[in-house]
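Peer 1: Got a predicted model here, sequence first, then my questions.
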Amino acid sequence: MNYDRILIRYGEISTKGRNRKKFVDKLRKSVRIALSPFPNVKIEASHDRMYVLLNGENGIEIIEKLKHIFGIQSFSPAIKVRKDMDELKQSSLDLVSSLYREGQTFKVTTKRSDKTFELNTDETNHTIGGHLLQNIPGIKVDVKHPDINLRVEVRKEAIYLSCQTIQGAGGLPLGSSGKAMLMLSGGIDSPVAGFLSMKRGLEIEAVHFFSPPFTSERAKEKVIDLTKKLAGIYGSSVTLHIVPFTEVQQAIRDQVPENYTMTSTRRMMLRITDALRNKREALAIITGESLGQVASQTLESMFAINEVTNTPIIRPLISMDKNDIIKIAHSIDTLEISNRPYEDCCTIFVPASPKTRPKREKVIQYESFFDFEPLIQEAVEKVETMVIQPNREHHQEFEDLF
Ligand code: ATP
Ligand code: MG
């Protein structure tokens, strides 16, 4: 018995009231992009669910793709049946027979959103259950822990049969929460922060600080590769801004006492990222900070650094332990790239013992003897912006889709 469609349940989207249409449109777009290798597939979306009509395409491969799309709570391979009792009985029998192995139990769970259907929920359960018991030798009913749960959904336009519910990735459809700038270093944490933000529906643009000749081209390549991985999660391009940071860092080294250079470096990075955010019309900044992990991530440091902006700063990893972060990095395939041994701009000029409890007033005072603003403006102007594709060969295909 072949399923002819996959029924997708939205989960959280369905609580979004008047914004629901926007969420559904974004999800539909994500599904289209992910399923672009299957040209015969058709997508039908309504306010509370979506159907992927297989039209002969490979259902198993499609299921694998759907598992990674944010905004899908769960999905089920399904069969559409006309609202005719004989056809319903026959299709139910075909489906359950194709799955049944000796000694297994079943139950029928009917949901009826169309109350005009000739049988009510209990009657439908009994009629189909009876038909299966009569025609599948050895099958038994178990309403508590059935091996096969045949779901019968009676809707206005048709009846849908399914036996399997597959967990989706959860979260919200990509782009449905707006856009934020991800501060992307070459480390383990920031790509994970990017992934978790994307899961909550944020579209991201990555910002990387680069200090030639102190940081090498290979460090830059590493960040491009990480961005490519993040782009792969969405299946479409991610913009990456490379900020030339050498002059700002040299000015900090010349102006600020050594044990405050790290604090000041972070403040300048944040000011530049915020200026870029403004230019790119994003509404937040994402970092990979985790409380107490290193000197720049103590509460005192964050208090001193965060002072330069009141833009929301999203820190998805703030309460996570390193081991848990590493697990996610491994699962999204960024860990190996992050472990490549190239230097980061923050590791150059960094004092042997940066202040773990910097004072806000002090750093403000140290910075007050020099006007950093022109250097910040210059860095923003000289940013190199690239559009990173997950996989170049697919680029054209995606463009044709919309
Ligand atoms: P990561 O593993 O993400 O590099 P980390 O544990 O090494 O984090 P830090 O180096 O203190 O911690 O960086 C904290 C956060 O600051 C990073 O997660 C990232 O968001 C941002 N950041 C650090 N260096 C850079 C950089 N060169 N370019 C852009 N953002 C950076
Ligand atoms: Mg780092």
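Peer 2: Structure received. Ligands and ions are numbered 1, 2, ... in the order given.

Peer 1: count of neighbours near the closest residue to ligand 2 within the stretch 201-350 of the chain?
Peer 2: Nearest residue of the stretch 201-350 of the chain to ligand 2: residue 344, at 5.1 Å (CB to the ion). In short, each C-beta sits where N, CA and C put it, glycine included. Using other CB atoms under 10 Å, residue 344 has 19 other residues around it.

Peer 1: ok, now residue 39?
Peer 2: Counted with other CB under 10 Å, residue 39 comes out at 9.

Peer 1: quick one: what helix or strand has it in it?
Peer 2: Here residue 39, judged by DSSP states H and E, is contained in no helix and no strand.

Peer 1: how much space between the residue lying closest to it once chain neighbours are set aside and residue 145?
Peer 2: Using CB to CB, 6 or more residues apart in numbering and skipping the chain neighbours, the partner closest in space to residue 39 is residue 57 (8.0 Å). As judged by CB to CB, to the nearest Å, residue 57 and residue 145 stand 34 Å apart.

Peer 1: So between these two, which is more surrounded?
Peer 2: residue 57 (16 against 8).

Peer 1: Could you measure from the residue of the stretch 201-350 of the chain closest to ligand 2 over to residue 359?
Peer 2: In terms of CB to CB, residue 344 sits 25 Å off from residue 359.

Peer 1: Surely the residue of the stretch 201-350 of the chain closest to ligand 2 is in contact with residue 187?
Peer 2: Yes: using CB atoms under 8 Å, residue 344 is in contact with residue 187, at 6.8 Å.

Peer 1: any idea which element the closest residue to ligand 1 within the chain lies in?
Peer 2: Shortest the chain-to-ligand 1 distance, computed as CB to the nearest ligand atom: residue-wise this is residue 187, at 2.1 Å. For residue 187, there is no enclosing helix or strand under DSSP H and E.

Peer 1: Pull the contacting residues for it.
Peer 2: Contact analysis of residue 187 by CB atoms under 8 Å, 6 or more residues apart in numbering lists 288, 338, 344.

Peer 1: Which ones among the residues you listed map onto strands?
Peer 2: Under the assignment DSSP state E, the contacts of residue 187 contribute nothing to strands.

Peer 1: May I see those residues arranged in a markdown table, with distance to residue 245 and pLDDT as well?
Peer 2: Shown next, in a markdown table, are the contacts of residue 187 (distance: CB to CB, whole Å; pLDDT from 0 to 100):
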| residue | distance to residue 245 | pLDDT |
| --- | --- | --- |
| 288 | 17 | 97 |
| 338 | 20 | 95 |
| 344 | 11 | 70 |
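
Peer 1: Break this structure down into its domains, please.
Peer 2: 5-167, 179-396 (automatic domain parsing).

Peer 1: I'd like those as CSV, with distance to residue 173 appended.
Peer 2: Formatted as CSV, the domains of the chain follow (distance: least, CB to CB, whole Å):
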stretch, distance to residue 173
domain 5-167, 3
domain 179-396, 6
